[in-house]
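Novice: Predicted model, plus sequence, below.
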Amino acid sequence: MRARDLIMIVVAFTGIAGGVFAPAWAGWFSPITVYMMMTVLYLSFLRIDFTALTRIRGADLGELALWGLLKLVALPVGLWALAAWLAPGWALPVLLLSGISAGVTAPFFCQLLGGDQARALQLTVFTSILVPFTLPSLVGLLVGHQINLPLVAMGRMLAMVIFVPLLLAWLTRRLLPALLGPLGRIQFPLVITLFFLINLGVFAPFAQFIMEQAGQVATAVALSCLLGAAYFGTVWAMGYLSGHRLDNLSYGTGLIFINNVLVVVVAAKFFGPRSPLLAAAYMLPFFLMLLPFRLIKPHRDG
(Lines give C-alpha, C1' and ligand atoms only; values in the text may rest on other atoms or scores of the structure.)
Protein backbone atom coordinates (compact mmCIF):
# COMPACT_ATOMS: atom_id res chain seq x y z
CA MET A 1 0.00 0.00 0.00
CA ARG A 2 1.28 3.44 -0.92
CA ALA A 3 1.06 6.35 1.51
CA ARG A 4 -1.28 8.26 -0.79
CA ASP A 5 -3.64 5.28 -1.03
CA LEU A 6 -3.81 5.03 2.77
CA ILE A 7 -4.38 8.78 3.14
CA MET A 8 -7.16 8.68 0.52
CA ILE A 9 -8.92 5.77 2.24
CA VAL A 10 -8.66 7.23 5.75
CA VAL A 11 -9.92 10.65 4.63
CA ALA A 12 -12.77 9.10 2.62
CA PHE A 13 -13.99 6.95 5.50
CA THR A 14 -13.71 9.88 7.90
CA GLY A 15 -16.02 11.80 5.58
CA ILE A 16 -18.50 8.91 5.54
CA ALA A 17 -18.48 8.76 9.34
CA GLY A 18 -18.96 12.52 9.55
CA GLY A 19 -21.98 12.36 7.26
CA VAL A 20 -23.58 9.63 9.37
CA PHE A 21 -22.82 10.93 12.86
CA ALA A 22 -22.93 14.69 12.25
CA PRO A 23 -25.61 15.11 9.58
CA ALA A 24 -26.71 18.56 10.76
CA TRP A 25 -23.54 20.28 9.60
CA ALA A 26 -22.50 17.66 7.01
CA GLY A 27 -25.77 18.29 5.20
CA TRP A 28 -24.54 21.74 4.21
CA PHE A 29 -22.44 20.03 1.54
CA SER A 30 -25.21 17.85 0.07
CA PRO A 31 -26.46 20.41 -2.48
CA ILE A 32 -22.97 20.99 -3.89
CA THR A 33 -21.65 17.42 -4.22
CA VAL A 34 -21.97 17.52 -8.00
CA TYR A 35 -20.01 20.78 -8.20
CA MET A 36 -17.27 19.38 -5.99
CA MET A 37 -17.02 16.37 -8.30
CA MET A 38 -16.70 18.78 -11.22
CA THR A 39 -13.78 20.44 -9.44
CA VAL A 40 -12.06 17.07 -9.00
CA LEU A 41 -12.52 16.41 -12.71
CA TYR A 42 -11.18 19.84 -13.64
CA LEU A 43 -7.99 19.16 -11.66
CA SER A 44 -7.64 15.78 -13.37
CA PHE A 45 -8.16 17.25 -16.84
CA LEU A 46 -5.34 19.76 -16.35
CA ARG A 47 -2.72 17.07 -16.95
CA ILE A 48 -4.34 15.57 -20.02
CA ASP A 49 -3.18 16.05 -23.58
CA PHE A 50 -6.52 16.97 -25.11
CA THR A 51 -5.41 16.09 -28.62
CA ALA A 52 -5.63 12.45 -27.50
CA LEU A 53 -9.41 12.75 -27.71
CA THR A 54 -9.23 13.53 -31.39
CA ARG A 55 -6.60 11.04 -32.53
CA ILE A 56 -7.90 7.68 -31.35
CA ARG A 57 -6.38 4.95 -33.50
CA GLY A 58 -8.48 2.18 -35.02
CA ALA A 59 -7.36 -0.42 -32.46
CA ASP A 60 -7.94 1.99 -29.58
CA LEU A 61 -11.38 2.86 -30.94
CA GLY A 62 -12.30 -0.80 -31.02
CA GLU A 63 -11.05 -1.33 -27.48
CA LEU A 64 -12.91 1.76 -26.28
CA ALA A 65 -16.14 0.41 -27.83
CA LEU A 66 -15.53 -2.98 -26.20
CA TRP A 67 -15.08 -1.49 -22.71
CA GLY A 68 -18.06 0.82 -23.27
CA LEU A 69 -20.31 -2.11 -24.24
CA LEU A 70 -19.09 -4.05 -21.23
CA LYS A 71 -19.71 -1.11 -18.88
CA LEU A 72 -23.13 -0.03 -20.13
CA VAL A 73 -24.72 -3.31 -21.24
CA ALA A 74 -23.00 -6.64 -20.52
CA LEU A 75 -21.96 -6.05 -16.90
CA PRO A 76 -25.23 -4.46 -15.66
CA VAL A 77 -27.38 -7.08 -17.42
CA GLY A 78 -25.32 -9.96 -16.02
CA LEU A 79 -25.30 -8.62 -12.47
CA TRP A 80 -29.02 -7.74 -12.63
CA ALA A 81 -29.82 -11.33 -13.66
CA LEU A 82 -27.75 -12.67 -10.76
CA ALA A 83 -29.40 -10.30 -8.29
CA ALA A 84 -32.89 -11.08 -9.65
CA TRP A 85 -32.19 -14.74 -8.90
CA LEU A 86 -30.53 -14.38 -5.49
CA ALA A 87 -31.95 -11.11 -4.07
CA PRO A 88 -34.90 -9.88 -6.18
CA GLY A 89 -35.57 -6.85 -3.98
CA TRP A 90 -32.12 -5.49 -4.78
CA ALA A 91 -32.11 -6.25 -8.52
CA LEU A 92 -33.16 -2.75 -9.61
CA PRO A 93 -30.61 -1.00 -7.36
CA VAL A 94 -27.90 -3.31 -8.74
CA LEU A 95 -28.95 -2.50 -12.30
CA LEU A 96 -28.93 1.25 -11.70
CA LEU A 97 -25.53 1.25 -10.02
CA SER A 98 -23.88 -1.15 -12.45
CA GLY A 99 -25.32 0.55 -15.53
CA ILE A 100 -24.21 4.09 -14.73
CA SER A 101 -21.38 5.67 -16.70
CA ALA A 102 -17.67 5.59 -15.93
CA GLY A 103 -17.00 8.10 -13.21
CA VAL A 104 -15.87 11.68 -13.61
CA THR A 105 -13.16 10.77 -11.08
CA ALA A 106 -11.85 7.80 -13.11
CA PRO A 107 -9.18 9.90 -14.90
CA PHE A 108 -7.85 11.11 -11.52
CA PHE A 109 -7.60 7.57 -10.13
CA CYS A 110 -6.11 6.33 -13.41
CA GLN A 111 -3.36 8.92 -13.07
CA LEU A 112 -2.85 7.98 -9.41
CA LEU A 113 -2.45 4.31 -10.39
CA GLY A 114 -0.04 4.98 -13.25
CA GLY A 115 -2.38 4.27 -16.15
CA ASP A 116 -3.10 6.17 -19.37
CA GLN A 117 -5.30 9.03 -18.18
CA ALA A 118 -6.40 9.91 -21.71
CA ARG A 119 -7.94 6.45 -22.18
CA ALA A 120 -9.83 6.74 -18.92
CA LEU A 121 -11.10 10.13 -20.07
CA GLN A 122 -12.22 8.68 -23.40
CA LEU A 123 -14.25 5.98 -21.64
CA THR A 124 -15.76 8.53 -19.26
CA VAL A 125 -16.88 10.79 -22.10
CA PHE A 126 -18.07 7.89 -24.28
CA THR A 127 -20.20 6.25 -21.58
CA SER A 128 -21.51 9.56 -20.26
CA ILE A 129 -22.86 10.47 -23.69
CA LEU A 130 -24.64 7.12 -24.03
CA VAL A 131 -25.91 6.44 -20.49
CA PRO A 132 -29.02 8.69 -20.66
CA PHE A 133 -30.25 6.32 -23.37
CA THR A 134 -28.84 2.94 -22.32
CA LEU A 135 -29.79 2.92 -18.64
CA PRO A 136 -33.50 3.85 -18.97
CA SER A 137 -33.77 1.36 -21.85
CA LEU A 138 -32.26 -1.44 -19.79
CA VAL A 139 -34.52 -0.68 -16.84
CA GLY A 140 -37.59 -0.63 -19.08
CA LEU A 141 -36.67 -3.93 -20.74
CA LEU A 142 -35.50 -5.83 -17.67
CA VAL A 143 -37.71 -4.52 -14.89
CA GLY A 144 -40.83 -4.56 -17.03
CA HIS A 145 -42.06 -1.00 -16.72
CA GLN A 146 -41.05 2.27 -18.31
CA ILE A 147 -39.41 4.73 -15.93
CA ASN A 148 -40.41 8.32 -16.42
CA LEU A 149 -36.87 9.67 -16.47
CA PRO A 150 -36.39 13.17 -17.90
CA LEU A 151 -33.77 12.27 -20.52
CA VAL A 152 -33.14 15.88 -21.52
CA ALA A 153 -32.54 16.95 -17.92
CA MET A 154 -30.34 13.94 -17.24
CA GLY A 155 -28.35 14.57 -20.40
CA ARG A 156 -27.97 18.22 -19.44
CA MET A 157 -26.63 17.24 -16.00
CA LEU A 158 -24.13 14.80 -17.50
CA ALA A 159 -23.00 17.35 -20.07
CA MET A 160 -22.48 19.92 -17.33
CA VAL A 161 -20.53 17.52 -15.11
CA ILE A 162 -18.26 16.32 -17.91
CA PHE A 163 -17.86 19.13 -20.41
CA VAL A 164 -17.75 22.26 -18.24
CA PRO A 165 -14.62 21.08 -16.36
CA LEU A 166 -13.22 19.82 -19.66
CA LEU A 167 -13.64 23.24 -21.29
CA LEU A 168 -12.26 25.09 -18.26
CA ALA A 169 -9.21 22.83 -18.15
CA TRP A 170 -8.60 23.30 -21.88
CA LEU A 171 -8.88 27.08 -21.50
CA THR A 172 -6.50 27.00 -18.53
CA ARG A 173 -3.91 25.03 -20.53
CA ARG A 174 -4.23 27.36 -23.52
CA LEU A 175 -4.59 30.76 -21.86
CA LEU A 176 -3.11 30.38 -18.36
CA PRO A 177 -0.32 27.77 -18.60
CA ALA A 178 1.51 29.41 -15.70
CA LEU A 179 -1.19 28.05 -13.37
CA LEU A 180 -0.50 24.41 -14.26
CA GLY A 181 2.54 24.11 -12.00
CA PRO A 182 0.98 25.59 -8.83
CA LEU A 183 -2.28 23.68 -9.37
CA GLY A 184 -0.37 20.45 -9.92
CA ARG A 185 1.45 20.87 -6.62
CA ILE A 186 -1.77 21.24 -4.64
CA GLN A 187 -3.83 18.78 -6.66
CA PHE A 188 -3.63 15.81 -4.31
CA PRO A 189 -4.39 17.60 -1.00
CA LEU A 190 -7.17 19.55 -2.69
CA VAL A 191 -8.71 16.42 -4.21
CA ILE A 192 -8.71 14.43 -0.97
CA THR A 193 -10.29 17.41 0.80
CA LEU A 194 -13.01 17.47 -1.84
CA PHE A 195 -13.59 13.72 -1.45
CA PHE A 196 -13.98 14.23 2.30
CA LEU A 197 -16.62 16.92 1.72
CA ILE A 198 -18.36 14.86 -1.01
CA ASN A 199 -18.73 11.93 1.37
CA LEU A 200 -20.12 14.23 4.04
CA GLY A 201 -22.73 15.49 1.60
CA VAL A 202 -23.63 12.08 0.19
CA PHE A 203 -24.21 10.35 3.53
CA ALA A 204 -25.81 13.16 5.53
CA PRO A 205 -29.31 12.69 4.02
CA PHE A 206 -29.22 8.98 4.90
CA ALA A 207 -28.02 9.38 8.49
CA GLN A 208 -31.40 8.77 10.15
CA PHE A 209 -32.22 5.86 7.85
CA ILE A 210 -28.80 4.30 8.55
CA MET A 211 -29.38 4.58 12.31
CA GLU A 212 -32.91 3.14 12.18
CA GLN A 213 -32.53 0.44 9.51
CA ALA A 214 -29.38 -1.40 10.47
CA GLY A 215 -30.35 -4.54 8.58
CA GLN A 216 -30.98 -2.72 5.32
CA VAL A 217 -27.75 -0.79 5.69
CA ALA A 218 -25.72 -3.94 6.41
CA THR A 219 -27.19 -5.58 3.32
CA ALA A 220 -26.41 -2.54 1.19
CA VAL A 221 -22.82 -2.39 2.45
CA ALA A 222 -22.27 -6.11 1.87
CA LEU A 223 -23.84 -5.97 -1.58
CA SER A 224 -21.83 -2.89 -2.57
CA CYS A 225 -18.63 -4.68 -1.59
CA LEU A 226 -19.65 -7.75 -3.61
CA LEU A 227 -20.35 -5.51 -6.59
CA GLY A 228 -16.96 -3.83 -6.20
CA ALA A 229 -15.34 -7.28 -6.20
CA ALA A 230 -17.35 -8.26 -9.28
CA TYR A 231 -16.31 -5.11 -11.12
CA PHE A 232 -12.65 -5.66 -10.26
CA GLY A 233 -12.89 -9.35 -11.15
CA THR A 234 -14.23 -8.35 -14.56
CA VAL A 235 -11.35 -5.89 -15.08
CA TRP A 236 -8.78 -8.53 -14.12
CA ALA A 237 -10.44 -11.19 -16.30
CA MET A 238 -10.43 -8.87 -19.32
CA GLY A 239 -6.68 -8.49 -19.03
CA TYR A 240 -6.07 -12.20 -18.42
CA LEU A 241 -8.35 -13.47 -21.19
CA SER A 242 -6.87 -11.06 -23.72
CA GLY A 243 -3.32 -12.11 -22.92
CA HIS A 244 -2.82 -8.64 -21.43
CA ARG A 245 -3.28 -7.04 -24.84
CA LEU A 246 -6.14 -4.92 -23.46
CA ASP A 247 -5.32 -1.94 -21.24
CA ASN A 248 -7.33 -3.17 -18.27
CA LEU A 249 -5.72 -0.69 -15.88
CA SER A 250 -6.63 2.48 -17.78
CA TYR A 251 -10.03 1.47 -19.10
CA GLY A 252 -10.76 -0.67 -16.06
CA THR A 253 -10.77 2.32 -13.74
CA GLY A 254 -14.02 3.33 -15.44
CA LEU A 255 -15.66 0.10 -14.27
CA ILE A 256 -14.68 0.66 -10.64
CA PHE A 257 -14.72 4.44 -10.17
CA ILE A 258 -18.22 5.12 -11.43
CA ASN A 259 -20.74 7.96 -11.19
CA ASN A 260 -22.45 6.50 -8.13
CA VAL A 261 -23.17 9.99 -6.73
CA LEU A 262 -25.26 10.64 -9.84
CA VAL A 263 -27.19 7.45 -9.08
CA VAL A 264 -27.83 8.75 -5.55
CA VAL A 265 -29.28 11.96 -6.96
CA VAL A 266 -31.43 10.30 -9.64
CA ALA A 267 -32.56 7.30 -7.58
CA ALA A 268 -33.55 9.44 -4.58
CA LYS A 269 -35.96 11.29 -6.85
CA PHE A 270 -37.53 8.39 -8.75
CA PHE A 271 -37.16 5.27 -6.58
CA GLY A 272 -37.42 4.01 -3.03
CA PRO A 273 -34.62 4.12 -0.46
CA ARG A 274 -32.78 0.96 -1.53
CA SER A 275 -31.42 2.34 -4.81
CA PRO A 276 -29.84 5.53 -3.42
CA LEU A 277 -28.71 3.61 -0.32
CA LEU A 278 -26.80 1.05 -2.38
CA ALA A 279 -25.27 3.80 -4.52
CA ALA A 280 -24.18 5.69 -1.40
CA ALA A 281 -22.84 2.51 0.24
CA TYR A 282 -20.65 1.96 -2.82
CA MET A 283 -18.48 4.78 -1.51
CA LEU A 284 -16.85 2.18 0.77
CA PRO A 285 -15.52 -0.23 -1.90
CA PHE A 286 -15.05 2.76 -4.22
CA PHE A 287 -11.94 3.80 -2.32
CA LEU A 288 -10.88 0.36 -1.10
CA MET A 289 -10.54 -0.78 -4.73
CA LEU A 290 -7.37 1.30 -4.90
CA LEU A 291 -5.60 -1.55 -3.11
CA PRO A 292 -6.23 -4.47 -5.50
CA PHE A 293 -5.73 -2.15 -8.47
CA ARG A 294 -2.10 -1.81 -7.41
CA LEU A 295 -1.71 -5.46 -8.48
CA ILE A 296 -2.44 -4.55 -12.11
CA LYS A 297 0.63 -3.39 -13.97
CA PRO A 298 0.41 -0.39 -16.33
CA HIS A 299 -0.17 -1.44 -19.93
CA ARG A 300 2.68 -1.14 -22.41
CA ASP A 301 1.71 -0.62 -26.05
CA GLY A 302 3.45 -2.66 -28.63
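Specialist: Here it is on my side, so go on. Numbering: from 1, shown residues only.
Novice: ok, and the closest non-adjacent residue to Met160?
Specialist: Met38 (7.6 Å; Cβ to Cβ, 6 or more residues apart in numbering). From N, CA and C alone the C-beta is placed, and that goes for glycine too.
Novice: For the one helix or strand Leu223 maps to, name the packing helices and strands.
Specialist: Remark: Leu223 resides in helix 214-241, with elements defined by DSSP states H and E. Counting contacts by 3 or more Cβ pairs under 8 Å, 6 or more residues apart in numbering; DSSP states H and E, helix 214-241 is packed against helix 75-86, helix 91-98, helix 207-212, helix 253-256, helix 274-281, helix 283-288.
Novice: roughly how far is that helix from the heart of the chain?
Specialist: 14 Å (Cα atoms, centre = their mean, to the nearest Å).
Novice: and that helix with helix 91-98, angle?
Specialist: With axes from the mean of the first three to the mean of the last three Cα atoms, to 10 degrees applied, the angle from helix 214-241 to helix 91-98 works out at 50 degrees.
Novice: could you give me the average pLDDT of helix 214-241?
Specialist: Mean pLDDT, helix 214-241: 93.
Novice: Name all residues that make contact with Ala204.
Specialist: 19-20, 23, 26-27, 29-30 (Cβ atoms under 8 Å, 6 or more residues apart in numbering).
Novice: shouldn't Ala267 be in contact with Pro93?
Specialist: Yes: here Ala267 lies in contact with Pro93, judged by Cβ atoms under 8 Å, at a distance of 7.4 Å.
Novice: between those two, who's got more neighbours?
Specialist: When neighbours are counted by other Cβ atoms under 10 Å, Ala267 and Pro93 differ, and Pro93 comes out ahead with 28 against 24.
Novice: hang on, the more buried one packs against Ala268?
Specialist: No: the criterion here is Cβ under 8 Å, and Pro93 misses it with Ala268 at 11.9 Å.
Novice: shared neighbours, these two?
Specialist: By the contact definition Cβ under 8 Å, 6+ apart, Pro93 and Ala268 are jointly contacted by Ser275.
Novice: got any ranges where the stretch 151-300 of the chain has weak pLDDT?
Specialist: Counting by pLDDT under 70, the stretch 151-300 of the chain has low-confidence residues at 151-155, 269, 300.
Novice: quick one, which of the helices and strands packed on helix 214-241 is nearest to Phe196?
Specialist: helix 283-288 (11.1 Å; Cβ to Cβ).
Novice: Can you list the helices and strands that that closest one packs against?
Specialist: Packing partners of helix 283-288 (3+ Cβ pairs under 8 Å, 6+ apart): helix 3-21, helix 180-203, helix 214-241.
Novice: between those, which gets nearest to Pro273?
Specialist: helix 214-241 (7.6 Å).
Novice: which parts of the closest one are buried?
Specialist: 216-217, 219-221, 223-225, 227-228, 230-232, 234-236, 238-239 (16 or more other Cβ atoms under 10 Å).
Novice: picking up where we left off before, how near is the residue nearest to Met160 to Phe163?
Specialist: 10 Å (Cβ to Cβ, to the nearest Å).
Novice: Which one's more surrounded, these two?
Specialist: Shown here are Met38 and Phe163; by other Cβ under 10 Å, Met38 has more neighbours (21 against 15).
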